[in-house]
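Colleague: 3D model of this:
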Amino acid sequence: MKKLIYLFVMAMLLGGCATPESLSRITAPNRENLIKLSVGMEKAKVIEIMGNKSFDVTVPQYVGVFGSRRNTRVTITNPYRSEILQGKDKVLEVIYYVTDVKKEAIAISDDELTPLVFDNGKLIGWGNSFLQNNIQKYEIRVR
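Modeller: Purely as a prediction, here's the structure:
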């Protein structure tokens with residue numbers, strides 16, 4: 001019985017994983033395109049460079065008590081997400097691109113994304129440390 005429970009738990013933990021190889025179709029071009037950016041670019045130009053199409057990736061799913069595997073297609077958008085950050089006397093727009101795969105899971109975490117930060121439609125910088133510095137500088141409350 002313990003073995004059966006163990007197999008079930010492992011199947012649940014492994015369910016919905018995407019391999020780094022399947023996500024590299026997204027991450028590699030995104031990383032390469034980052035070096036083409038420069039501060040002051042208009043948002044439309046940045047999106048033209050970084051891309052705005054979706055990607056279908058194959059995701060192995062483990063189902064059933066014994067963890068049988070079947071592949072499923074999942075769509076990942078590019079950019080992955082965006083948000084508006086309201087601070088003291090400042091509104092920033094942030095769009096996030098998938099640039100890294102740290103674990104084999106389709107749920108992409110924040111540390112696998114690169115934020116691009118815009119002020120009044122112009123790129124002012126990118127990267128997690130840049131974003132965090134601006135959050136502190138403009139006293140932005142983040143969820």
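Colleague: CA only for contacts and neighbour counts going forward, please
Modeller: Fine.
Colleague: Go through the longest helix anywhere in the chain and flag the buried ones.
Modeller: For the chain, the longest helix by residue count, based on DSSP state H, is helix 20-34. Within helix 20-34, the residues that count as buried by 16 or more other C-alpha atoms under 10 Å are Pro20, Leu23, Ser24, Ile26, Thr27, Asn30, Arg31, Leu34.
Colleague: Contacts only, for the second one.
Modeller: What that stands for is Leu23. When contacts are counted by C-alpha atoms under 8 Å, 6 or more residues apart in numbering, Leu23 touches Val57, Val101.
Colleague: which pair in the buried residues of helix 20-34 spans the largest distance?
Modeller: Greatest spacing in those, by C-alpha to C-alpha: Pro20 and Leu34 (19.5 Å).
Colleague: can you pull out the strands in the protein?
Modeller: 55-63, 68-76, 81-87, 90-98, 113-119, 122-126 (DSSP state E).
Colleague: Take these and write them to JSON lines, including mean pLDDT and mean neighbour count.
Modeller: Shown next, in JSON lines, are the strands of the chain (pLDDT from 0 to 100; neighbours: other C-alpha atoms under 10 Å):
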{"stretch": "strand 55-63", "mean pLDDT": "76", "mean neighbour count": "19"}
{"stretch": "strand 68-76", "mean pLDDT": "79", "mean neighbour count": "13"}
{"stretch": "strand 81-87", "mean pLDDT": "95", "mean neighbour count": "14"}
{"stretch": "strand 90-98", "mean pLDDT": "97", "mean neighbour count": "20"}
{"stretch": "strand 113-119", "mean pLDDT": "98", "mean neighbour count": "23"}
{"stretch": "strand 122-126", "mean pLDDT": "98", "mean neighbour count": "20"}
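Colleague: TSV for those, including distance to Ser38?
Modeller: TSV is the format used below for those (distance: least, C-alpha to C-alpha, whole Å):
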stretch	distance to Ser38
strand 55-63	25
strand 68-76	26
strand 81-87	19
strand 90-98	15
strand 113-119	11
strand 122-126	7
